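S.K.: how would this look folded up:
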Amino acid sequence: MKVRRTVDKEAPGLGKRIKQARIADGRSLEVICAEAGISRVYWYDIEAEKVRSALPEETLRKIEKVLGIDLGVNFDV
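M.R.: Residues are numbered from 1 along each chain as shown. All right, here's what the predicted structure looks like:
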């Protein structure tokens, strides 16, 4: 039997790091959002750290993949 556990992890400054990586990437926001499957409004909310609930890990991993970076958020305790 499998048991699923959901864990939230604080990641101070994550939005700022995502924004810096996006700018350094050089591609347009529209292209990056399309590749990540994220709307522009949601992307801006992530960068501004205004996401109403916790950012899903799946979304974080999509952002990392599209930008080709590791944002250093590790869920292993």
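
S.K.: the protein: strands as residue ranges?
M.R.: Counting by DSSP state E, the chain forms no strands at all.

S.K.: go ahead and flag the most central residue of it.
M.R.: Centroid check for the chain by CA atoms, centre = their mean gives residue 60 as the closest residue, at 3.3 Å.

S.K.: what's the distance between the nearest residue to that one once chain neighbours are set aside and residue 58?
M.R.: For residue 60, ignoring the flanking residues on the chain, the nearest one in space by CB to CB, 6 or more residues apart in numbering is residue 73 at 6.1 Å. (Each C-beta comes from the backbone N, C-alpha and C, glycine too.) From residue 73 over to residue 58 the distance is 12 Å, taken as CB to CB, to the nearest Å.

S.K.: the two: which has the busier surroundings?
M.R.: residue 73 (15 against 9; other CB atoms under 10 Å).

S.K.: helices of this structure, residue ranges please.
M.R.: Assigned by DSSP state H, the chain shows helices spanning 14-25, 29-36, 40-47, 57-67.

S.K.: elements contacting the longest one?
M.R.: Looking back up the chat, that one is helix 14-25. Packing contacts for helix 14-25, counted by 3 or more CB pairs under 8 Å, 6 or more residues apart in numbering; DSSP states H and E, involve helix 29-36, helix 40-47, helix 57-67.

S.K.: kindly recompute the last result at 6 Å.
M.R.: Applying 3 or more CB pairs under 6 Å, 6 or more residues apart in numbering; DSSP states H and E, one finds that helix 14-25 makes contact with helix 40-47.

S.K.: residues of the helix it packs on that come out buried?
M.R.: If you call a residue buried by 16 or more other CB atoms under 10 Å, then helix 40-47 has these buried ones: 43, 45, 46, 47.

S.K.: CA atoms only: put it into CSV for me.
M.R.: The C-alpha trace of helix 40-47 is given here as CSV (Å, rounded to 0.1, in the frame of the first residue of the first chain):
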residue,chain,number,x,y,z
ARG,A,40,1.4,35.2,-17.5
VAL,A,41,-0.7,36.3,-14.6
TYR,A,42,0.1,33.3,-12.5
TRP,A,43,3.9,33.6,-13.4
TYR,A,44,3.8,37.2,-12.2
ASP,A,45,2.1,36.1,-9.0
ILE,A,46,4.8,33.6,-8.5
GLU,A,47,7.6,36.1,-9.0
